[in-house]
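Chemist: can you look at this prediction? I've put the sequence above it.
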Amino acid sequence: MATIKRFYQAPAGSFFLFGPRGAGKSTCLKQVFAEAIRIDLLDRETYRLYAARPERLGELVAAQGGSAKFVLDEVQKIPELLDVVHQQMEMHPQHTFILTGSSARKLKRSGVDLLAGRAALTSMHPFMAAELGSDFDLDVALDTGLVPIVYSAPDRRAALSAYLGLYLEQEVKVEALVRDVGGFARFLEAISFSHASVLNITGVARECQVNRNTVEGYVDVLEDLLIGFRLPVFSRRAKRNLIRHPKFYFFDCGVYRSVRPRGPLDAPEEMAGASLEGLVAQHLRAWIAYSKRTDLKLYYWRTKSGTEVDFIVYGEDTLFAFEVKSARHVHRPDVRGLRQFAQDYPLAQTCLLYRGVERLMIDGVPCVPCADFLQRLRPGKALSV
């Protein structure tokens, strides 16, 4: 498979690069920093050496002349290394330290302050449609997702089915992030029904037959492992009564489909709608992250009466509202939420994304084929329809 150029751009100086397993962090860094000295903590021998003596890193740095670059892959495996990195940054400011991680949980639990702001925080996400160019296929993306390690596999479905098992074995179980791995696996299935929906912690707890606090802890684990995220309600200068609970998404629509149980009572269109909404969510998150604008944030909007807009992108010069419909034909009722949002926020741009092939204008709302929008979504360029 040909190398796919990523939109991610490394900042100047030392930095963290967080992202889910298989998101392409190491591959990208090998391309950009081919000359860097690499310490792969997933390698058992390397892990053993540095776990026993973290100060070994200082000895390695001291042996380098001039300005060198050091890549520490999966640094969360040995949080104590950050103390050594911090020390080396002060002693050798000419060197650059690049630290990757697929989990921030152990770093936070150990009280590490992520180098006191000496290293920028960046993130890598699944492929964006524009990175794949003409190879992007909406149906394939919705079926098996866009996680690079899965997308590049000879058998994508087999790779996808094994993907979360890797997390359960190598992150959740080995790192002892939860006491009951079996219970956590059942929780993953239960919360899959909340993907692209308002998160009902009590309902998930009832389904898992555990208490509410346990489920809240499990959701925190998902976020720390970068497997899922919560989307808050947009409430700036609200003119209506809004709900307060966040929505939940898996970071990749293919991962969602691999977790979600299926049966005769599950309507295919229900899963299709959640998958498409999740695909748009992961693209908007990647666009925000790669655009390097700290002012941009992603929200959703929902009134207590039930009117909802799937995504709100808000920043200093941006207020964009998106509704996502899996249908191939759209009608006036489909834009009702966007029209109400525009009444409350006249400066907002609105857009409905759907599975059709025609560009339409319904009651002043542009209705755009979702695949077209995703393929034109590029970091650094303003949102447009």
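Modeler: All right, it came through fine. Numbers count the residues shown, from 1 in each chain.

Chemist: below-threshold pLDDT in the stretch 151-300 of the chain: ranges please.
Modeler: When the per-residue scores of the stretch 151-300 of the chain are filtered using pLDDT under 70, the ranges that remain are 168-170, 173-177, 263-267.

Chemist: quick one: the helices in it?
Modeler: Ranges of helices within the stretch 151-300 of the chain are 156-167, 181-192, 201-208, 212-224, 253-259, 268-290, based on DSSP state H, counting those that start in this stretch.

Chemist: bridged to the closest residue to His331 other than its chain neighbours, which residues?
Modeler: Residue nearest to His331 in three dimensions, not counting chain neighbours: Ile362, with 7.4 Å by C-beta to C-beta, 6 or more residues apart in numbering. No exception for glycine: its C-beta is placed from N, CA and C like everyone else's. The residues listed as beta-bridge partners of Ile362 by DSSP bridges are Val365.

Chemist: now Ile362: how far from Lys325?
Modeler: Per C-beta to C-beta, to the nearest Å, Ile362 is found 11 Å from Lys325.

Chemist: now for the two: what residues contact both?
Modeler: Taking C-beta atoms under 8 Å, 6 or more residues apart in numbering as the contact rule, Ile362 and Lys325 both touch Asp334, Leu352.

Chemist: care to break the chain down by domain?
Modeler: Residue ranges for the structural domains of the chain, counted by automatic domain parsing, are given in the record as 15-123, 129-376.

Chemist: what's the closest of the ones you listed to Lys5?
Modeler: Judged by C-beta to C-beta, the one of these that comes nearest to Lys5 is domain 129-376, at 6.9 Å.

Chemist: from the chain's centre, how far out does the closest one sit?
Modeler: Relative to the chain's own centre, domain 129-376 is displaced by 10 Å; criterion: C-alpha atoms, centre = their mean, to the nearest Å.

Chemist: what does stretch 86-93 give?
Modeler: Relative to the chain's own centre, stretch 86-93 is displaced by 31 Å; criterion: C-alpha atoms, centre = their mean.

Chemist: one more: stretch 29-44?
Modeler: For stretch 29-44, the separation from the chain centroid amounts to 23 Å (computed by C-alpha atoms, centre = their mean).

Chemist: ok, now stretch 63-73?
Modeler: Distance, stretch centre to chain centre, for stretch 63-73: 29 Å (C-alpha atoms, centre = their mean).

Chemist: contacts for that stretch next, please.
Modeler: For stretch 63-73, the surrounding residues in contact (C-beta under 8 Å, 6+ apart) are 25-26, 29, 33, 35-42, 57, 60-61, 81, 85, 94-100.

Chemist: select from those residues every entry located in strands.
Modeler: Ile37, Arg38, Ile39, Asp40, Thr96, Phe97, Ile98, Leu99, Thr100 (DSSP state E).

Chemist: which members of those residues are the farthest-apart pair?
Modeler: With distances taken as C-beta to C-beta, the most widely separated pair in the ones in strands among the contacts of stretch 63-73 is Asp40 and Thr96, at 17.5 Å.

Chemist: just want the most central residue of the protein.
Modeler: Phe251 (4.2 Å; C-alpha atoms, centre = their mean).

Chemist: may I have stretch 33-40 as CSV, with CA atoms only?
Modeler: Output for stretch 33-40, consisting of C-alpha atoms alone and laid out as CSV, is shown next (Å, rounded to 0.1, in the frame of the first residue of the first chain):
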residue,chain,number,x,y,z
PHE,A,33,12.1,12.7,11.7
ALA,A,34,14.0,9.9,10.0
GLU,A,35,17.2,10.9,11.7
ALA,A,36,15.8,10.8,15.2
ILE,A,37,17.0,8.4,17.9
ARG,A,38,14.0,6.2,18.7
ILE,A,39,13.1,4.5,21.9
ASP,A,40,10.1,2.1,21.4
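
Chemist: so what touches it?
Modeler: Contacting residues not belonging to stretch 33-40 are listed as 10, 26, 29-30, 46, 50, 57, 60, 64, 68-74, 98 [C-beta under 8 Å, 6+ apart].

Chemist: again, but for stretch 335-349
Modeler: By C-beta under 8 Å, 6+ apart, the surrounding residues in contact with stretch 335-349 are 238-240, 301, 303, 307-309, 312, 319-321, 323, 350-352, 362-365, 367, 383, 385.

Chemist: what mean pLDDT does it have?
Modeler: Along stretch 335-349, the predicted local confidence has a mean pLDDT of 97.

Chemist: buried stuff in it?
Modeler: Along stretch 335-349, the positions that meet the burial threshold by neighbour count (16 or more other C-beta atoms under 10 Å) are Val335, Gly337, Leu338, Arg339, Gln340, Phe341, Ala342, Tyr345, Ala348, Gln349.
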